[in-house]
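Undergrad: Need the 3D shape of this:
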Amino acid sequence: MSRSVFGRILITTGALLLMGALSLYLYNRYDADRAATASVEAEEKLADAMTSAVGSEYDLTIEETGDGETYSVISLNVDDDSYIGILSIPSFGLVLPVLSEWSYAGLKNSPARYTGSASAGNLVICAHNYERHFGNIKNLSIGASITFTEVTGTVYEYEVLEIETLQPTAISEMITGDWDLTLFTCTTSGQARVVVRCMLIS
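TA: This is a model prediction of the structure:
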């Protein structure tokens with residue numbers, strides 16, 4: 001093979017790789033923007049529903065912890081989706097609806113409850129690392145304020161105490177411990193989880 005032919009092959013391969021990288025970047029940007037729009041629209045509808053909801057509209061489920069204790073989860077249905085409340089992270093100007101149950105499809109639009117509840121003091125919330133979801137929680141400061149408003153209107157105020165990185169297989173470590181609120185998401189590479197631990201202050 002001549003040098004000129006080999007050179008053209010290298011240039012063509014490089015161009016294809018660049019096009020592939022650009023396409024992936026543009027898709028990720030589109031997906032993040034779509035998710036941000038979806039969560040804003042859902043939060044607005046949920047806030048309206050919370051304002052007008054009456055007792056008979058709430059759903060109550062009872063779940064069990066690993067040590068046999070039970071806790072209640074209160075949710076409200078909006079447009080065929082079930083939510084437990086609204087999460088606010090003032091450091092990033094985020095106000096996000098929180099789905100009552102996590103699923104891969106649901107996380108494409110909003111953060112979701114992974115386990116626990118605010119009233120039981122063991123709430124764990126997960127989200128994708130989209131910029132307008134949990135993409136920046138690794139940059140939260142210790143002592144930062146986070147607020148969760150339950151669909152009933154009860155407000156829980158938390159303070160960030162610790163930020164750690166866990167392996168994806170460390171599920172037990174993720175959901176146990178003396179933490180009132182835990183937020184987690186994937187790292188950019190997807191090889192680990194960024195975990196934010198919070199204490200209830202009000």
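
Undergrad: Only C-alpha atoms from now on, for both contacts and neighbour counts.
TA: Fine.

Undergrad: Longest strand in this structure, please.
TA: If you go by DSSP state E, the chain has its longest strand at strand 155-166.

Undergrad: most centrally placed residue in this structure?
TA: In the chain, the residue lying closest to the centroid (CA atoms, centre = their mean) is Ala127, at 2.0 Å.

Undergrad: Could you find the closest non-adjacent residue to it?
TA: The shortest distance from Ala127 to any residue other than its chain neighbours is 4.3 Å, reached at Pro111 (CA to CA, 6 or more residues apart in numbering).

Undergrad: before we move on, back to that, mean confidence for the longest strand of the chain?
TA: Per-residue pLDDT over strand 155-166 has a mean of 97.

Undergrad: Show me what the helix or strand just after that strand is packed up against.
TA: Scanning forward in sequence from strand 155-166 by DSSP states H and E, the next helix or strand is helix 171-175. With contacts taken as 3 or more CA pairs under 8 Å, 6 or more residues apart in numbering; DSSP states H and E, helix 171-175 sits against no other helix or strand.

Undergrad: Number of residues surrounding the nearest residue to Glu101 once chain neighbours are set aside?
TA: Counting by CA to CA, 6+ apart, Arg113 is the residue found nearest to Glu101 once chain neighbours are left out, at 5.4 Å. Summarising burial for Arg113: neighbours were counted as other CA atoms under 10 Å, giving 22.

Undergrad: Look up phi and psi at Arg113.
TA: phi -70, psi 130 (degrees, to the nearest 10).

Undergrad: who touches it in this structure?
TA: By CA atoms under 8 Å, 6 or more residues apart in numbering, the residues touching Arg113 are Ile84, Val98, Leu99, Ser100, Glu101, Trp102, Leu123, Val124, Ile125, Cys126.

Undergrad: Which of those sits closest to Thr61?
TA: When the contacts of Arg113 are compared for distance to Thr61 (CA to CA), Ser100 comes out closest, at 10.3 Å.

Undergrad: Cross-check the contact I'm expecting between that closest one and Ser75.
TA: Yes: between Ser100 and Ser75 there is a contact at 6.4 Å, judged by CA atoms under 8 Å.

Undergrad: can you list residues touching both of the two?
TA: Listed contacts common to Ser100 and Ser75 are Ser82, Tyr83, Ile84; contacts here mean CA under 8 Å, 6+ apart.

Undergrad: want to throw those into JSON lines with pLDDT?
TA: As requested, the shared contacts of Ser100 and Ser75 are exported to JSON lines (pLDDT from 0 to 100):
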{"residue": "Ser82", "pLDDT": "97"}
{"residue": "Tyr83", "pLDDT": "98"}
{"residue": "Ile84", "pLDDT": "98"}
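
Undergrad: of those residues, closest to Gly153?
TA: Of all these, Ile84 has the smallest distance to Gly153: 10.4 Å, by CA to CA.
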